[in-house]
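Attaching a predicted model along with its sequence, questions to come.
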Amino acid sequence: MSDTNTASEPPVVVGVDGSEHSLRALAWALSAAEHLETPLVVAHVRSDALQLGAARIASLGPSPELPDAVMDGVRKAVEERGHDMPVRYESLDGSVTDALPAAARGARLLVTGSRGHGGFASLLLGSTSRTLAATAPCPLVVVPHEARAAALEGGAGAGRVLLGLHPEETPDEVVAFAFEAAHHRGAPLEAVTAFRPPPQPAGPVVAPAPALQVPPTLPLADDTEAFVREADREQEERLRPFVARRPEVELVRTVVPADAAGLLVEGSRDAGLLVVGRHHRHRFGSLLVGSVAHAVLHHAHCPVAVVPPVAPG
């Protein structure tokens, strides 16, 4: 049920369950919706017990809807904070990993906390957020529960945007999302391209038998500078059309021989948003979260946006 009529533009959807982590996500989503000037949908998937009770009562005939105590508390918190955009509250049934993607179909963003109720306190990322990262129909923003306070001060519009970019593999929609995020924030965008440095020279390889073919020699470490120059050229070419479309965005280009995930996690310490692609489509057709996205979702110090590829067809 909605308290406020929403406009027609795609909303920001935030999933809440009353936990501290989801309330942190709610605060970020409220700020994001205000910066984007778009409606906010606050979604809560009712507990199994509440869903079962509601179904049993409904089977007896028409009756008032059971109250959603979690949503009532969240609604009170939102109204006490105040907001400048339309807000709609939705109590959902089904599993969280099915109901939230359905609610976010056509949304601008889906926002969740890194973990909800239950599980082990030592976990960095809950199973729900991990599943949504692979299935959300729109960009998913996961707000970490251990983010430094400075990273969240100022809300969703604070801090530079960090983009993990593989010039040959990162889809256009991921790059475009990062440029738009930087534009709306009025913040710099740092595009980070990292690659494994060439291996150190090894000793001579001797074939134990004539039938064994020795592989060609790998590039030596002395070729690292050439690799950096080539990667820098590829990155500049990849970003050129986006720079032309958003010339007002201050772009910082970083190309280094390093572990991509580690570099992005370290860079997230003073960033406001880290953007990565969902990555590859599995050979059986299902979408998988790539290793870099998986690592930053677990360890980044700022909110992480996982951008899905455009659906085929």
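Arrived safely. Residues are numbered from 1 along each chain as shown.

make it CA atoms for all contacts and neighbour counts henceforth
OK.

Does anything pack onto the helix or strand encompassing Glu180? Which helices or strands?
Here Glu180 sits within helix 172-185, counting by DSSP states H and E. Helices and strands touching helix 172-185, by 3 or more C-alpha pairs under 8 Å, 6 or more residues apart in numbering; DSSP states H and E, are helix 20-36, strand 160-164, strand 189-195, helix 224-245, strand 271-277, strand 304-307.

Minimum distance to Arg46: which of these has it?
Among these, the nearest to Arg46 by C-alpha to C-alpha is helix 20-36 (14.3 Å).

between the helix or strand just after that closest one and helix 20-36, how big is the angle?
Using DSSP H and E, the helix or strand that follows helix 20-36 in sequence is strand 40-45. Strand 40-45 and helix 20-36 are oriented at 160 degrees to each other (axes from the mean of the first three to the mean of the last three C-alpha atoms, to 10 degrees).

Just checking: what are the partner strands of strand 40-45?
strand 12-15 (parallel), strand 87-92 (parallel) (DSSP bridges).

picking up where we left off before, kindly reformat the helices and strands packed on helix 172-185 as CSV containing distance to Pro86.
Converted to CSV, those look like this (distance: least, C-alpha to C-alpha, whole Å):
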stretch, distance to Pro86
helix 20-36, 9
strand 160-164, 26
strand 189-195, 29
helix 224-245, 30
strand 271-277, 24
strand 304-307, 23
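
closest one to Val14 among these?
Judging the helices and strands packed on helix 172-185 by C-alpha to C-alpha, what sits closest to Val14 is helix 20-36, at 6.2 Å.

before we move on, back to that, between the helix holding Glu180 and helix 20-36, how big is the angle?
80 degrees.

what sits up against helix 172-185?
35-36, 157-158, 160-163, 165, 188-189, 239, 242, 246, 248-249, 275-277, 307-310 (C-alpha atoms under 8 Å, 6 or more residues apart in numbering).

picking that back up, just say which of the strands paired with strand 40-45 is most tucked in.
Comparing the strands paired with strand 40-45 by mean neighbour count (mean count of other C-alpha atoms under 10 Å), strand 12-15 comes out on top with a mean of 28.

what's in contact with it?
Counting by C-alpha under 8 Å, 6+ apart, 22, 25-26, 29, 32-33, 38-45, 100, 103-104, 107-113 sit against strand 12-15.

what is the mean pLDDT for that strand?
Throughout strand 12-15, pLDDT has a mean value of 96.

Same question for stretch 301-313.
Stretch 301-313 shows a mean pLDDT of 85.

buried residues in it?
Neighbour counts using 16 or more other C-alpha atoms under 10 Å place 301-309 of stretch 301-313 among the buried residues.

can you put the residues you listed in TSV and add distance to Thr254?
Formatted as TSV, the buried residues of stretch 301-313 follow (distance: C-alpha to C-alpha, whole Å):
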residue	distance to Thr254
His301	19
Cys302	19
Pro303	20
Val304	19
Ala305	19
Val306	20
Val307	21
Pro308	23
Pro309	24
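
And the helices and strands packed on helix 172-185: which comes nearest Ala133?
strand 304-307 (6.4 Å).

Return the distance of that closest one from the chain's centre.
Relative to the mean C-alpha coordinate of its chain, strand 304-307 is positioned 2 Å out (C-alpha atoms, centre = their mean, to the nearest Å).

Could you name the helices and strands sitting against that strand?
Against strand 304-307 (3+ C-alpha pairs under 8 Å, 6+ apart) you get strand 140-143, helix 172-185, strand 271-277, helix 291-299.

How many residues are close by Ala244?
Neighbourhood size, Ala244 [other C-alpha atoms under 10 Å]: 10.

What distance do you get for it to Ala181?
Applying C-alpha to C-alpha, to the nearest Å, the value for Ala244 to Ala181 is 16 Å.

got any ranges where the stretch 151-300 of the chain has weak pLDDT?
The stretch 151-300 of the chain contains residues with pLDDT under 70 at 151-157, 197-222, 279-289.

The stretch 1-150 of the chain now?
Ranges of the stretch 1-150 of the chain meeting pLDDT under 70: 1-7, 48, 51, 54-65, 115-126, 146-150.
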